[in-house]
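In: need a structure here:
(chains A and B)
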Amino acid sequence: MFKHLHLKVGLFVIAVMALALGFLFYVLNARGFFEQQQHLNLAAGSAEGITPGVPITFSGMPIGQVTGVTLNDGGGIVIQAEVNADGARWLRTDSSFTLDKPIVGGAKIKVSSANLDSPQLPDNSTVLLLTSDPSQEIPVLIDRVKTILANIDHITRQDGELASTLANTRTITTRMTGKYGVLEGVLGSEENARPVANSLKNLENLTTRLNQVSAKVDAMLVKTDRWLFAADGVSEQSRQSLAQVHAMLVDAQGSLKRVDALLKNAVDISANIKDGTQDLAKLRAEVDESVSKANDLLNDINRMWPFGSGDKQIKLP
Amino acid sequence: MDLIINLVERTGAKALAWWSSIYSVLSFLGEAFATLAMPATWNRATLDTIIKQIYFTAVQILHVYLIYVVVISWVIISITLSTARNVGLFDQATEMIIRVLVLELLPFLTALLIALRSGSAINTEVALMKVYNELDALAHCKVEPMRFEFLPRIAGGVASVLGLTIMGGVLTLLLAYLSIYGLSASGLYPFATTIASVFNMKVLLGLAVKCGFFGLAVTALPIAAGLETPKKPFMVPVSVLRGMMRVFLALVLIEVLSLALKYI
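Out: Prediction:
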């Protein structure tokens, strides 16, 4: 009636039994039933969040799990854990064990071995379990947030500084949209702003006129420049005259020195009056000549160069 | 006053009916276990009927069942993985899939499927045998109905639910691995660790016991309901209706009890 009924049922039963036994073996193997386990005791201040089954991870990979939590005679917490033989080689004498309790998700014990050259942790050794629990920091954080919120509340209250500042700002910006813009905002009203606007207008006129004046001055300067510094200009002539003045002054100086010497002679040696008188006459002539030269020159300069008021003259002795 | 007395009477009648049906189911189960314990039960004929029952209940629908498991598992695994990724709990996704799908949903759905397909058929068959006096005839011929008709069905049902759940569970784990890690072998170690942390011996034993109870519910309850049928043909549909309702209540009760034992 049914073809191969026994065969099919037999296959089904064998398949189910194979799967069941295979899965059982797989689970037992994964639970470390067939391999040597290294035992570990962790000393902790609190057993909060630690239950049998909490995984022990090294670099994020599970290597073992907590098998039990007990109290010792001193009231301390002792956590028994098993680490599989493969994972046990990462446990060193200076490895640190940290209980990681995230806000979301299960707790786990993290192992970090900074120095893999250190000797391996022996079986049944006891190590200290550190705790990093962000949830313990939450109350502190909430307190601070509360203070901040209270401050913000205080600042933003109905009659607070912020409200009045904002009201003032609104007044100012409303004024700024008036006829005189920002000026009105700064000065308070249209009446106050009008004189400033008028002054600015005047300033503008003034600047225009100043521009015209400065253009005229420019033109004058160009002319003066040409008059002064052209090849046959005033400047060139004055230079020559000044050279002559210099030469004459040197002459005058030399003459005056001689006069000085002669006067000394005249005072000291009155014997040779005749010689002295001759010398004096000669000198007088020289001085006269120098002075007349200087006079001529000064007249020349005065004619060409406006030296200022004419009461400056060379004083002769 | 009459109204109250009437109400009390009706409540009493209902309670008695409930009790009698519960009692008949319990006495039937007791009889079944007693028969199971008898060495005479374990003969060639009984085994042959068990094999037939397994064939009808499990092997015949195996391909349908496996397709059904693949579809349901794939949908639920996808939803779980994307949700876990969104809320940042992807590490826990494997555990969630195993706990929800393999431990709870698959056994329940398997039992429901077998109840719909085989439980209703068994209920109808037994009800008809009862109505047409076939059971009395068998008893008259010294063929005990319990030993040759009922017990093999129950045993076959339990074996079928267990077998199909194991197959579906392993298939779901494979699908979960492929969905999370793809074809790479890199996930073998973390996957094994997660499975090891979920499936301790208590959980495995609990799963087996639960599947056993499911198998019992989907076969023994329809047989008990069929046996209660009054000898009138029009009562057969009523008997099937009652039997299937009881099966459903029993499945929910077993599931709730197992969850309560596990998590409370």
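In: pLDDT on stretch A:69-88, on average?
Out: The average pLDDT for stretch A:69-88 rounds to 85.
In: wait, does it contact chain B?
Out: No. Stretch A:69-88 does not reach chain B (Cβ under 8 Å from any Cβ of the partner chain); its nearest approach is 9.2 Å. Bear in mind the C-beta positions are built from the backbone N, C-alpha and C, glycine included.
In: first vs last residue of that stretch, how far apart are they?
Out: 20 Å (Cα to Cα, to the nearest Å).
In: In it, which of the residues would be classed as buried?
Out: Within stretch A:69-88, the residues that count as buried by 16 or more other Cβ atoms under 10 Å in any protein chain shown are A:V69, A:I77, A:V78, A:I79, A:A81, A:E82, A:V83, A:N84, A:G87, A:A88.
In: Please tell me how far the first one sits from A:G76.
Out: A:V69 sits 11 Å away from A:G76 when distances are taken as Cβ to Cβ, to the nearest Å.
In: any chance of the buried residues of stretch A:69-88 in JSON lines, plus secondary structure?
Out: Converted to JSON lines, the buried residues of stretch A:69-88 look like this (DSSP: H, G, I helix; E, B strand; the rest coil):
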{"residue": "A:V69", "secondary structure": "strand"}
{"residue": "A:I77", "secondary structure": "strand"}
{"residue": "A:V78", "secondary structure": "strand"}
{"residue": "A:I79", "secondary structure": "strand"}
{"residue": "A:A81", "secondary structure": "strand"}
{"residue": "A:E82", "secondary structure": "strand"}
{"residue": "A:V83", "secondary structure": "strand"}
{"residue": "A:N84", "secondary structure": "strand"}
{"residue": "A:G87", "secondary structure": "helix"}
{"residue": "A:A88", "secondary structure": "helix"}
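In: quick one: average confidence on the helix or strand containing A:V127?
Out: In this assignment (DSSP states H and E), A:V127 forms part of strand A:125-132. Strand A:125-132 shows a mean pLDDT of 83 in the predicted model.
In: Show me what that strand pairs with in its sheet, parallel or antiparallel.
Out: For strand A:125-132, the paired strands and their directions (DSSP bridges) are strand A:37-44 (parallel), strand A:96-100 (parallel).
In: Give me the contact list for stretch B:135-150.
Out: For stretch B:135-150, contacts defined as Cβ atoms under 8 Å, 6 or more residues apart in numbering or on different chains pick out B:31-32, B:35, B:38, B:40-41, B:45-46, B:49, B:126, B:129, B:223, B:227.
In: so how far is the first residue of it from its last?
Out: End to end - Cα to Cα - stretch B:135-150 spans 11 Å.
In: Quick check: buried residues in it?
Out: Buried residues in stretch B:135-150, defined by neighbour count with 16+ other Cβ under 10 Å: B:L135, B:P145, B:M146, B:R147, B:F148, B:E149, B:F150.
In: Keep only those of these that are in helices.
Out: B:L135, B:P145 (DSSP state H).
In: Can you add distance to A:R258 and give the buried residues of stretch A:69-88 back as JSON lines?
Out: Below are the buried residues of stretch A:69-88 laid out as JSON lines (distance: Cβ to Cβ, whole Å):
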{"residue": "A:V69", "distance to A:R258": "128"}
{"residue": "A:I77", "distance to A:R258": "124"}
{"residue": "A:V78", "distance to A:R258": "127"}
{"residue": "A:I79", "distance to A:R258": "124"}
{"residue": "A:A81", "distance to A:R258": "125"}
{"residue": "A:E82", "distance to A:R258": "129"}
{"residue": "A:V83", "distance to A:R258": "124"}
{"residue": "A:N84", "distance to A:R258": "127"}
{"residue": "A:G87", "distance to A:R258": "122"}
{"residue": "A:A88", "distance to A:R258": "123"}
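In: What pLDDT is listed against residue 168?
Out: Just so you know, I chose chain A. Reported pLDDT for A:N168: 86.
In: Switch to chain B, please.
Out: Note on B:G168: pLDDT of 95.
In: contacting residues around the residue nearest the centre of chain A?
Out: Of all residues in chain A, the one closest to the mean position by Cα atoms, centre = their mean is A:I148, 28.8 Å from it. If you count contacts by Cβ under 8 Å, 6+ apart, A:I148 has none.
In: how close does B:Y177 get to B:A93?
Out: 12 Å.
In: Next, count neighbours for B:E228.
Out: When counting by other Cβ atoms under 10 Å in any protein chain shown, one arrives at 19 neighbours for B:E228.
In: Might you report the residue contacts of it?
Out: B:E228 makes contact with B:S21, B:S24, B:S239, B:R242, according to Cβ under 8 Å, 6+ apart.
In: would CSV of those residues with secondary structure and distance to chain A be doable?
Out: What follows is the contacts of B:E228, written out as CSV (DSSP: H, G, I helix; E, B strand; the rest coil; distance: Cβ to the nearest Cβ, whole Å):
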residue, secondary structure, distance to chain A
B:S21, helix, 33
B:S24, helix, 31
B:S239, helix, 28
B:R242, helix, 31
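In: quick one: the helices in chain A?
Out: A:5-30, A:85-88, A:134-155, A:161-176, A:181-187, A:190-229, A:234-268, A:273-304.
In: what does the stretch 101-250 of chain B give?
Out: B:106-114, B:120-131, B:134-140, B:145, B:151-181, B:188-198, B:201-227, B:235-263 (DSSP state H, counting those that start in this stretch).
In: so where is the chain shaky, pLDDT-wise?
Out: No chain specified, so I'll use chain A. Filtered on pLDDT under 70, chain A yields the residue ranges A:1-2, A:133-134, A:231, A:233, A:266, A:269-277, A:305-317.
In: What parts of the stretch 1-150 of chain B come near chain A?
Out: B:I51, B:K52, B:I54, B:Y55, B:A58, B:V59, B:L62, B:G88, B:L89, B:D91, B:Q92.
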